[in-house]
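# just the structure for this:
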Amino acid sequence: MSLMGRVEERWQQRQAGTEPLTVQARTTIAADREQVWQFLLAPQSAFLCSDGVLKAFHVPGTPIGSVGEQQCMVVEQQGQVLAHIVEVVELRPIELAVTRTVTSPSGMISRYVMEDAASGGTCLTYQFGAHMVLGSRKKAEPPIREHVDTAVRRIKSAIESGATFSDARKPSTDLDSDAPTA
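So this is what the prediction gives:
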């Protein structure tokens, strides 16, 4: 992006009262990219990678395994039960998955990049981005960085321990049967 483009983007963010925050973590997983891909795209992976997940499922009526797919995660956070819906906005099988959180006003984007690791396995990069209230970035960044680092460690641990999901890429008709199996 040109200098003037960056200046214009910053001006628009200042006018909107927001500033961007991007955090990323990277790890090498002892599994091929197909295994990592299947794990990441399964809604059930939320049970192993996030705290407080009560339900995780494919949103009926949306495509599966393509742009437009939506997944819902029902979570308990600070004593409240909340529903988060993420939508797939870009996919390149076994290379890239990008989602946006539909239910967030902060424009949350998650980007997962998978590459063959030089030592074997898969190098996974997880990048999280959002727009924060102007001036809140410094306070918001440490817990978001911890969340991203923790998510990458949990993804690695779950995949390397052999966690799989039955019919992970098929729509679930029984929302109570979406817990992971080992």
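# from now on I want contacts and neighbour counts done on CA atoms only, so please keep to that.
Noted.
# measure Phe39 to Glu160 for me?
Phe39 sits 11 Å away from Glu160, taking C-alpha to C-alpha, to the nearest Å as the criterion.
# ok, these two, which is more surrounded?
More crowded of Phe39 and Glu160, by other C-alpha atoms under 10 Å: Phe39, with 21 against 14.
# in a helix, the more buried one, correct?
Yes - according to DSSP: H, G, I helix; E, B strand; the rest coil, Phe39 belongs to a helix.
# okay, now the closest residue to Phe39 other than its chain neighbours: neighbour count?
Excluding its sequence neighbours, the residue lying closest to Phe39 (C-alpha to C-alpha, 6 or more residues apart in numbering) is Ser45, at 6.3 Å. When neighbours are counted by other C-alpha under 10 Å, Ser45 registers 25.
# cool, Arg154 as well?
For Arg154, the neighbour count with other C-alpha under 10 Å is 17.
# start at 13, not 1
New numbering, starting at 13: the last item is Arg166.
# residues contacting it?
Contact analysis of Arg166 by C-alpha atoms under 8 Å, 6 or more residues apart in numbering lists 60-61.
# pLDDT score assigned to it?
The model reports Arg166 with a pLDDT of 97.
# which helix or which strand is home to it?
helix 149-172 (DSSP states H and E).
# what's the distance between the nearest residue to Ser62 once chain neighbours are set aside and Cys135?
Nearest residue to Ser62, sequence neighbours excluded (C-alpha to C-alpha, 6+ apart): Ala163, at 6.8 Å. The spacing between Ala163 and Cys135, counted by C-alpha to C-alpha, is 15 Å.
# count the residues that sit near the closest residue to Leu146 other than its chain neighbours.
Closest residue to Leu146 apart from its sequence neighbours, by C-alpha to C-alpha, 6+ apart: Thr30 at 4.4 Å. Thr30: 19 surrounding residues under other C-alpha under 10 Å.
# ok, Thr30 - contacts?
So Thr30 contacts 143-146 (C-alpha under 8 Å, 6+ apart).
# that older thread, buried ones in the helix holding Arg166?
For helix 149-172, the neighbour count (16 or more other C-alpha atoms under 10 Å) marks 149, 156-157, 159-161, 163-171 as buried.
# same thing with stretch 86-102?
86-87, 95, 97-101.
# mind checking the SS state of the spatially most central residue of the chain?
In the chain, the residue lying closest to the centroid (C-alpha atoms, centre = their mean) is Ser122, at 4.5 Å. For Ser122, the assignment made with three-state DSSP gives strand.
# which of the buried residues of stretch 86-102 fall in strands?
The strands, defined by DSSP state E, take in 86-87, 95, 97-101 from the buried residues of stretch 86-102.
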